[in-house]
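>>> have a look; sequence and predicted model below, questions after that.
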Amino acid sequence: MTAHGMRHEADSVLHSWCVPADWDAPTVVGGEGAWLLLEDGRRILDLSSLSECSLLGHQHPRLVQAIRDQAQTLCFVTNQWGARVRAELAEELLEVSGLRGGRVFFTLGGADANENAIKIARLAQEQPQGAVIARDRSYHGASYMGMALSGDARVQAFVDAGALNVHHVPPPYPYRCPFGTSSPEACGRAAAQAVATKIDAVGAQRTAAVIMEPNAGSNGIVPPGSFWPALRRVTRDRGVLLIADEVMSGFGRCGHWFAWQQHGQPHAPDLITCAKGLTGAAAPLGAVIVSAAVYERIERRMLPIGLTYCGHPLSCAAGLAAVRTYRDEGLIERSRRLGAWMFERLQRLQERHEAIGEVRGGDGLFAVVELVADRATRHPLAPWPQTPPALAALLREALAQGLSLASRGNLIILAPPLVIAQAELADAIARLDALLARHLSR
Ligand SMILES: Cc1ncc(COP(=O)(O)O)c(C=O)c1O
């Protein structure tokens with residue numbers, strides 16, 4: 001029981017990505033805009049969009065209404081039959097992704113979007129178990145294939161990526177460039193070249209696909225501008241399909257509908273996976289957007305894909321309302337504008353706080369603040385992926401003050417809902433400034 005006489009989830013529920021005995025998170029009873037309302041009456045300003053997914057804020061009235069309306073009409077029809085709302089959403093996604101003439105396969109979330117993207121790519125390449133290249137320091141989901149694809153230290157012991165024919169290359173991480181260059185652009189090109197070298201080593205004929213996050217990801221790496229175009233070139237030259245995992249970076253998070261679009265249509269991937277912002281998190285849904293060229297190659301093949309609830313009409317209704325809301329409220333452009341402003345404010349924080357080694361991102365409302373023990377040597381505050389105690393204390397105090405921040409390892413990740421008011425964001429950054437001074441000043 002909580003102090004308010006309510007049942008406490010710790011007595012009955014297992015939670016994700018935590019040690020059960022340590023779990024101690026607040027109970028949320030409602031929300032509005034960038035705010036969450038707790039059962040003890042406190043309000044929390046949400047700078048994380050709750051796992052970077054509530055891009056439209058909490059309880060957006062259009063999403064609530066769309067789910068309500070759909071529930072009155074048709075709660076469920078299997079994915080093997082048709083539903084109007086599913087077709088409408090697919091058309092919108094093909095339009096905003098620029099993959100016109102392609103097709104959309106709906107999933108339940110991000111991990112199974114990636115699973116199915118791999119299946120579809122392997123089918124299209126006529127390599128049912130063809131090699132897939134992913135990168136270190138990436139996150140693609142917590143299903144078994146998701147874990148195999150992810151370069152994530154937390155799950156590596158649970159899965160044999162090699163047995164699933166998944167191969168990893170070093171990441172485009174200029175701040176700690178694994179290729180030993182101090183030039184961000186050279187680092188991006190070297191990371192793409194590492195993919196080329198891996199494909200050549202495995203054999204282009206035996207490599208079905210490359211999967212990468214084009215921008216924002218929970219591992220806090222923001223690739224330099226040179227990376228994606230070079231990656232597109234090396235995959236196209238070798239006839240290997242390129243999958244953009246846009247689960248976190250999609251729907252305006254990085255200032256475009258999809259982050260790769262910052263590089264222009266010639267650099268379009270062959271498949272896009274998305275989830276999170278697809279419904280603004282009002283209902284669970286993911287999608288694989290398949291280009292027309294890939295669709296042509298699978299059009300006459302049996303697709304061994306799908307879970308019972310794939311493309312659930314209630315979720316598709318939320319998705320359709322979300323896409324239209326991003327467009328009608330101009331939120332993609334707003335993210336770009338406000339993201340640039342937020343980035344500039346964070347850079348000012350870096351001038352004041354020695355503990356900030358780098359601020360990266362800023363292509364939309366997504367930024368990563370990397371904390372270091374020594375700015376000159378870039379020595380990390382704690383070895384990756386551990387969370388330094390000072391940062392843990394900062395996050396606890398932030399929450400106690402009514403500010404929720406996302407974090408991983410040495411990183412503070414700022415990913416507010418795209419509807420956050422500028423004054424709310426300014427207030428959050430001012431509070432972060434004070435928290436950094438209290439917990440991390442030297
Ligand atoms: C880039 C990326 N891919 C895939 C996933 C997995 O999505 P889900 O948790 O919906 O399965 C995530 C989740 O954080 C993600 O950030």
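Okay, I see it.
>>> Gln21: neighbour count?
Actually, residue 21 is Ala. It isn't Gln. Neighbourhood size, Ala21 [other CB atoms under 10 Å]: 7. Placement of C-beta: from N, CA and C, glycine included.
>>> and it, how far from the ligand?
Ala21 is 23 Å from the ligand, where distance means CB to the nearest ligand atom, to the nearest Å.
>>> just Pro304 next, same as before
In terms of CB to the nearest ligand atom, Pro304 sits 20 Å off from the ligand.
>>> enumerate the residues of the stretch 51-200 of the chain near the ligand.
Gly109, Gly110, Ala111, Asn114, Tyr139, His140, Gly141 (CB under 6 Å from any ligand atom).
>>> helix/strand/coil for the fifth one?
Here Tyr139 takes the coil state, with states given by DSSP: H, G, I helix; E, B strand; the rest coil.
>>> partners of Ile412 in the sheet?
Here Ile412 shows beta-bridge partners Val369, Ser407, assigned using DSSP bridges.
>>> confidence score at it?
For Ile412, the model assigns a pLDDT of 98.
>>> can you count the residues close to it?
Ile412 has 26 neighbours, counted by other CB under 10 Å.
>>> please apply the same query to Pro269.
29.
>>> confirm that it sits in a helix.
No - checked against three-state DSSP, Pro269 lies outside a helix; its state is coil.
>>> ranking the residues of the stretch 51-200 of the chain next to the ligand by neighbours, who comes first?
Comparing those by number of neighbours (other CB under 10 Å), His140 comes first, having 31 neighbours.
>>> if I look at Asp237, how far off is Ala192?
Asp237 sits 11 Å away from Ala192, going by CB to CB, to the nearest Å.
>>> ditto for Val132
From Val132 over to Ala192 (counting by CB to CB), the distance is 16 Å.
>>> Asn79 against Leu303, yeah?
No - taking contacts as CB atoms under 8 Å, Asn79 lies outside contact range of Leu303: 10.8 Å.
>>> settle it for me: which of those two has more neighbours?
Shown here are Asn79 and Leu303; by other CB under 10 Å, Asn79 has more neighbours (19 against 11).
>>> might you report the residue contacts of that one?
When contacts are counted by CB atoms under 8 Å, 6 or more residues apart in numbering, Asn79 touches Phe106, Gly306, Thr308, Tyr309, Cys310, Gly311.
>>> and the one helix or strand Glu333 maps to, what's buried?
Assigned by DSSP states H and E, Glu333 belongs to helix 331-352. Buried residues in helix 331-352, counted by 16 or more other CB atoms under 10 Å: 331-332, 334-336, 338-339, 342-343, 345-346, 349-350.
>>> what's next to it, contact-wise?
Defining contact as CB under 8 Å, 6+ apart, one finds that helix 331-352 is touched by 55-56, 251-257, 325-326, 356, 358-359, 361-367, 369, 414, 416, 418-420, 422, 425-426, 429, 432-433, 436-437.
>>> show me what contacts the residue of the stretch 101-250 of the chain found nearest the ligand?
Here the stretch 101-250 of the chain gets closest to the ligand at one residue, Gly110, 2.2 Å apart by CB to the nearest ligand atom. By CB under 8 Å, 6+ apart, the contact set of Gly110 is His140, Gly141, Gly146, Asp245, Val247, Met248, Thr273, Cys274, Ala275, Lys276, Gly286.
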